[in-house]
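In: Predicted model and sequence follow; I will ask about them next.
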Amino acid sequence: MAQIGNLVLGVVTSIGGFVEAGSISTAAQAGAEFRFSLLWAIALAALIVAMLSEMAGRVACISRRSMIAAVRERFGIGLQVVPLVGELLIDLLLLTAELGGAAIALRMVSGVAFPWWIVPIGLVVWVVLWLGSFSVIEDGVGLLGMVTVSFVLAAWWLHPDAGEVARGFVPRLPDHEWTRYAFLTVSIVGATVSPYLLNFYSSGVIEEKLGEADLWINRTTAYMGMGFGSVVSMGVLVTAAVVLEPAHVQVDSFESAALMFVPVFGSWATPLFALCLGVGCFGAATEIALNTGYALAQSLGWSWGANRPRRQAARFTVAFSLMLLVAMAVAVIGFDPLQLTLISVALTVVLMPAVVLPFLVIMNNPQFVHQHTSGAIGNGALAAVVIAGAIMAVIVIPLEILGG
Amino acid sequence: MMGETMDVVRDVLDKPVFDRDGRALGRVDGVTITIDEGEPPQLTSVLVGPVALAERLTPAIGGWMAALERALGLPKDRPVNLPFGRVEADGLRLSADVAGSDTSALVVEQRLQRWLARIPGSKWS
């Protein structure tokens, strides 16, 4: 019974880190510009990230290694250094964007300019990471994130045309602005299939001490958790499609995105949107900061873990604290979080083949997964993601210029 | 190890190393191989430490890392050199028959631990 409770908690808390600045802004833009016709992109991206999370979690259950540790051991530092530095750079950009997103949320309700909020928010993130155990961080962030279910409620209450919504799950070419459509498709994938989600997830499997007997928990949490997160993203898209598209509102800021709540929540629209954005960005900032510590410690062989006293994992603690400090410094300068999100999304897509390709080798290596190697379906799906990722990696920069 | 073959790159390099008390010392960041005339090359030791790791990337980065370690006043016996005769490979990990505290592998960790200990809450988990 306790296991079922933990499972439900695991699924529900997956929302932390999933619904954040990048997923909210890309889904809102997609809905405002192309109505429901990019719903399939969210579903596909969620399926990819769930599949990769399950695989990374399987490696973690069986070998007690995160994907970053496994890649270092199997491929050596020479092949790991580029994806690792790339992931840290993406994490830094995203962390800066999330701090900015949380600060914008506070500006929306207080009117105080957003650079003033960066230092207090960063300090709260650090105190949570300094004092919290893994479950306090993961469950706290996830349960707070439940407020973002407001997007699903809003979509539900707006009674969108069910047939039109259903047709959104079938990929098709748009009748206008195809470069923008392709750009948003790639952005949704890049905002969802983030390397930090994968590494944070597999580190969490190790922190929670899941073993080979718990593979079913890993599978259920990965697929249902990412599925749950994607439902909220779809809620953002549908609400934006019903409210913003007919009014020709362009989502060029989080303030304009907040208008999607007006028909449902009236005068509560802005505070509620700010709460969803702030909680989502704060949670993601916490997880991304912690993940920078995980990534460095796991690659370099330092002791790590949020479940041990911080001073027993000193290099890990100092590493994530410094990364948080750098992100705070960059955020205070006042870069637009939406622009930072776009850059990190493009980098994520460029890096995707290098992140996913090692899965093909490790998921077929019994040293890491014993008899639970990937079958034909798993390997075929991984190969398809690598190929699609490589194509997207080539077109993403031209698309950023033409469509973004 | 009689009769067994070992692939140094696959079985030794980049694997985690633990001391005799099961304490993590780091990863195998490099190896030294000795070549005596007329003898086959011998793997003499494994190296643990950022300088060895950086040297594998490029000698220049290795040089910078060594300069950084000197500037920080770290002991001169880094990267830590573990004689291969005292190292045992065990699947995906290596165990070295040494005490971690006798090496300088954890000097940075211990120094940072002393700093962090001054911040309230450092003993919580």
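Out: That came through fine. Residues are numbered from 1 along each chain as shown, chains lettered A, B, ... in the order given.
In: so residue A:360 touches residue A:386, yeah?
Out: Yes: counting by Cβ atoms under 8 Å, residue A:386 is a contact partner of residue A:360 at 6.9 Å. Every residue, glycine included, has its C-beta placed from N, CA and C.
In: mind checking how far the spatially most central residue of chain B is from residue B:37?
Out: Geometric centre of chain B, nearest residue: residue B:48, 1.4 Å, by Cα atoms, centre = their mean. Here the criterion is Cβ to Cβ, to the nearest Å. By it, residue B:48 lies 29 Å from residue B:37.
In: Name the SS class of residue A:186, please.
Out: Here residue A:186 is recorded as helix under DSSP: H, G, I helix; E, B strand; the rest coil.
In: where's it relative to residue A:33, distance?
Out: Separation of residue A:186 from residue A:33 (Cβ to Cβ): 14 Å.
In: quick one: which of those two has more around it?
Out: Per other Cβ atoms under 10 Å in any protein chain shown, whichever of residue A:186 and residue A:33 has more neighbours is residue A:186, with 26 against 23.
In: can you tell me how far that one sits from residue A:78?
Out: In terms of Cβ to Cβ, residue A:186 sits 29 Å off from residue A:78.
In: ok, now residue B:10?
Out: 14 Å.
In: so what's residue 79 closest to, chain neighbours aside?
Out: Picked chain A for this. Closest residue to residue A:79 apart from its sequence neighbours, by Cβ to Cβ, 6 or more residues apart in numbering or on different chains: residue A:71 at 7.7 Å.
In: nope, chain B
Out: Distance criterion Cβ to Cβ, 6+ apart; nearest residue to residue B:79, sequence neighbours excluded, is residue B:49 at 3.0 Å.
In: Stretch B:111-125 close to chain A?
Out: Yes: Stretch B:111-125 is in contact with chain A by Cβ under 8 Å from any Cβ of the partner chain, via B:112-113, B:115-117, B:119, B:121-125.
In: Check these and tell me the two furthest apart.
Out: B:115 and B:125 (18.2 Å; Cβ to Cβ).
In: Which one's more surrounded, these two?
Out: Ranked by neighbour count (other Cβ under 10 Å), residue B:115 and residue B:125 place residue B:125 first, with 17 against 12.
In: Tell me which residues are up against stretch B:102-122.
Out: By Cβ atoms under 8 Å, 6 or more residues apart in numbering or on different chains, the surrounding residues in contact with stretch B:102-122 are A:130-131, A:302-303, A:309-312, A:314-315, A:317-318, B:19, B:23, B:25-26, B:48-49, B:74-75, B:77-78, B:80, B:82, B:100, B:123.
In: Quick one: mean pLDDT over stretch A:31-40.
Out: Regarding stretch A:31-40, the rounded mean pLDDT is 97.
In: Over to that stretch now: how far is its first residue from its last?
Out: Length of stretch A:31-40, first residue to last, Cα to Cα, to the nearest Å: 12 Å.
In: what does that stretch rub up against?
Out: A:30, A:160, A:164-165, A:167-172, A:174, A:177, A:180-181, A:184-185, A:188, A:234, A:236-242, A:244-245, A:249-251, A:260.
In: Against residue B:47, how distant is residue B:96?
Out: 12 Å.
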